[in-house]
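Trainee: missing the sequence, but the structure's below:
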């Protein structure tokens, strides 16, 4: 109930951003006592919100906290269900692990977990993901599409398109996608996506999409071995970004693309994905667990499978691999 | 460490079933003190084992408990890895839920969970599964094949073949398989299989196969609404079976078929599965979430997908459905 009140309070501020709102007006909008309003305003201050309070006029939010909080994301979030349940934590093992527990307890579609720091963030194939404090977006999104497990890779591709569109909208930069789940700026990794699921043999119970975005790191924040391969939005864009804004834009894009996908299938997403994909039409080498395949990347199938034509003209379907572009 | 000692002790009894073993001989075989041997023998008695103790000769197991315990299954289990880690509980929500927690904590391939009673056992599509105390086998098996999620349905089919073979060996009865996961005797359900997984988009992390076998129920044990559709091995075979024996035979069959599958792929399993399948070549109706398809069941693909030819000659591939045989 507490967090329901908090949501309504933030909605009230979101809908009246230029105005002062009196304690009574807030109490009426939220449907609680003025005492409850004061209590929640105090808690927002503790979270790092700055509120201007003017006698006879009321309250106005003038600054949101440096830390990204669930409340800050709720403030002005323009989605139907994506991120409407959101949990923020300071330090976690990984947001994927936290999300798994939420799935276990029945968290609804669109639930989002964010954390300031991950102690053991990981990427595909259990690779470590560097996720230091206050600089990036480390989040997990829970979806519950009624689909067979074989469709799960499509959700990775949808998310990649959503991240690219969100970065485009916030910075004007256009990142490139490296199949299946890397997003690059100037050839360096700025985002990784890890899609996990719990499923019956024939039906997905829950998909957990992990998204790691390097936002405000400076070059010196990276360990030396990562500097040639990793970058951040701040490095490429030249200035820092409001992480909460980026999350909100991303949730809007993701909700829209996911809804299109459920309505119309993968084809429209595929067209968007291919327009951002770096590897299509190029010569690549794909390293799979059973060996390497080299050839020209033709594109992806309607199921999100990568097609590579080798020098004999044989077309290989690749479900899982690391790819490398030939220079 | 305790359970390692217990395993060795039971192995010692398994390997010398006709002989008495002295406290000293057991201590030597297990590699512990005679005091430790005595302590473990006392615990076996508490679990319901009966041991004959003869002065100057030693101990011999003469009766295993009514309750099925992990120790009883370890006694004489002839597998490499299947069931080598086994946990038995009295009452659980469902063995699948318990198995999920074990997967979370990194349980190795072949880990088995059994329970005497499930309070909320379930089948496919969240349907309730009736699993009363001391009468059936309610178990979950954890496997970790390095395969894409789309292959998970094959594990259901492998398990179905293993269950059929185990029932055949124990009773001489030959059950029929109704695609994808029901095992029938005289047209009534005797076993259900539920395959769940945790996976990355392109790789299975863990498969949890839930197996419910109606073993020693009598007809009056079933609620009236289940009597026309459910049966037990005891009802069909005419006498009760040792549940622990059946579990051991099943684990041996499952390990063998799973190893063949990993070595040689699905094709040899498919041949076995089709030889037991009731629906192949018959006219059936498949109810899917998007509608019904009626026609002749042609068989399954190498991926375990059901093929149905309708009256226009169109072949439909069915991934998930309930099927009904036309009379």
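Mentor: Yes, it's here. Being a predicted model, the structure only gives us computed values, none of them experimental. Numbers count the residues shown, from 1 in each chain, chains lettered A, B, ... in the order given.

Trainee: wait, isn't residue A:223 in contact with residue A:132?
Mentor: No - using CB atoms under 8 Å, residue A:223 is not in contact with residue A:132, being 10.0 Å away. C-beta here means a position set from N, CA and C on the backbone, and glycine is covered the same way.

Trainee: Looking at those two, which has the bigger crowd around it?
Mentor: residue A:132 (15 against 8; other CB atoms under 10 Å in any protein chain shown).

Trainee: Any part of stretch A:91-108 near chain B?
Mentor: Yes - counting by CB under 8 Å from any CB of the partner chain, chain B has neighbours in stretch A:91-108: A:100, A:104.

Trainee: now the end-to-end length of that stretch.
Mentor: End-to-end span of stretch A:91-108 (CA to CA, to the nearest Å): 23 Å.

Trainee: Would you mark the buried spots in it?
Mentor: For stretch A:91-108, the buried set under the neighbour-count rule, 16 or more other CB atoms under 10 Å in any protein chain shown, comprises A:92, A:94-100, A:102-103, A:107.

Trainee: So which residue is smack in the middle of chain A?
Mentor: Centre of chain A computed as the mean C-alpha position; nearest residue by CA atoms, centre = their mean is residue A:211, 4.6 Å away.

Trainee: element containing residue A:98?
Mentor: Here residue A:98 sits within helix A:95-104, counting by DSSP states H and E.

Trainee: got the contact list for that helix?
Mentor: With contacts defined as CB atoms under 8 Å, 6 or more residues apart in numbering or on different chains, helix A:95-104 is touched by A:87, A:89, A:92, A:107, A:111, A:113-115, A:118, A:121-122, A:138-142, A:194, A:196, A:198, A:205-206, A:208, A:210, B:100, B:104.

Trainee: next one: stretch A:264-273
Mentor: For stretch A:264-273, contacts defined as CB under 8 Å, 6+ apart pick out A:151, A:154, A:157-158, A:160-161, A:177, A:257, A:260-261, A:300, A:302-304.

Trainee: Same list, these, but as CSV with distance to residue A:32 and secondary structure please.
Mentor: Putting the contacts of stretch A:264-273 into CSV (distance: CB to CB, whole Å; DSSP: H, G, I helix; E, B strand; the rest coil) gives the following:
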residue, distance to residue A:32, secondary structure
A:151, 43, helix
A:154, 43, helix
A:157, 44, helix
A:158, 38, helix
A:160, 42, helix
A:161, 40, helix
A:177, 46, strand
A:257, 36, helix
A:260, 38, helix
A:261, 39, helix
A:300, 51, strand
A:302, 50, coil
A:303, 49, coil
A:304, 47, coil
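
Trainee: and the least confident of those residues?
Mentor: pLDDT across those is lowest for residue A:303, at 77.

Trainee: quick one: that one and residue A:153 touch, right?
Mentor: Yes - using CB under 8 Å, residue A:303 is in contact with residue A:153, at 7.4 Å.

Trainee: Tell me which of these two has more neighbours.
Mentor: Taking other CB under 10 Å, residue A:303 and residue A:153 do not tie; residue A:153 has more neighbours (26 against 15).

Trainee: distance between stretch A:236-244 and the chain's centre?
Mentor: Remark: stretch A:236-244 is offset 15 Å from the chain centroid, using CA atoms, centre = their mean, to the nearest Å.

Trainee: list the buried ones in it?
Mentor: A:236-237, A:241-244.

Trainee: For the buried ones among the contacts of stretch A:264-273, write the corresponding ChimeraX selection.
Mentor: This is how ChimeraX selects the buried members of the contacts of stretch A:264-273, with burial counted by 16+ other CB under 10 Å:
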select /A:151,154,157,158,160,161,177,257,260,261,300,304
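
Trainee: got a list of what the residue lying farthest from the centre of chain A touches?
Mentor: Residue farthest from the centre of chain A, counting by CA atoms, centre = their mean, is residue A:56 at 40.9 Å. By CB under 8 Å, 6+ apart, the residues touching residue A:56 are residue A:22.

Trainee: how close does it get to chain B?
Mentor: 56 Å (CB to the nearest CB, to the nearest Å).

Trainee: helix or strand for that residue, which one?
Mentor: Counting by DSSP H and E, no helix or strand carries residue A:56.

Trainee: Distance to chain B added to the contacts of stretch A:264-273, as a markdown table?
Mentor: Below are the contacts of stretch A:264-273 laid out as a markdown table (distance: CB to the nearest CB, whole Å):
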| residue | distance to chain B |
| --- | --- |
| A:151 | 9 |
| A:154 | 9 |
| A:157 | 9 |
| A:158 | 11 |
| A:160 | 12 |
| A:161 | 15 |
| A:177 | 15 |
| A:257 | 16 |
| A:260 | 19 |
| A:261 | 14 |
| A:300 | 13 |
| A:302 | 14 |
| A:303 | 9 |
| A:304 | 9 |
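
Trainee: Of the contacts of stretch A:264-273, which is the nearest to residue B:251?
Mentor: residue A:151 (33.0 Å; CB to CB).

Trainee: The closest one reaches residue A:305, doesn't it?
Mentor: No - the pair formed by residue A:151 and residue A:305 falls short of the contact definition of CB under 8 Å, at 11.3 Å.

Trainee: re earlier: between the buried residues of stretch A:91-108, which sits nearest residue A:310?
Mentor: The shortest gap between residue A:310 and any of these belongs to residue A:96, at 35.3 Å (CB to CB).

Trainee: what does the model give the closest one for pLDDT?
Mentor: If you check residue A:96, the pLDDT there is 93.

Trainee: From chain B, how far out is it?
Mentor: 10 Å.

Trainee: Quick check on the residue nearest to the centre of chain A: phi, psi?
Mentor: With angles defined as degrees, to the nearest 10, residue A:211 sits at phi -130, psi 120.

Trainee: how far off helix B:95-104 does the helix holding residue A:98 point, in degrees?
Mentor: With axes from the mean of the first three to the mean of the last three CA atoms, to 10 degrees defining the directions, helix A:95-104 sits at 170 degrees from helix B:95-104.

Trainee: I'd like the next helix or strand past helix A:95-104.
Mentor: As assigned by DSSP H and E, the chain's next helix or strand after helix A:95-104 is strand A:112-118.

Trainee: Return the list of helices and strands in contact with the helix or strand bottoming out on mean pLDDT in chain A.
Mentor: Between all helices and strands in chain A, the lowest mean by mean pLDDT, DSSP states H and E belongs to helix A:2-14, at a mean of 81. On a contact count with 3 or more CB pairs under 8 Å, 6 or more residues apart in numbering or on different chains; DSSP states H and E, helix A:2-14 meets helix A:23-30, helix A:34-46, strand A:58-63, helix A:70-74.
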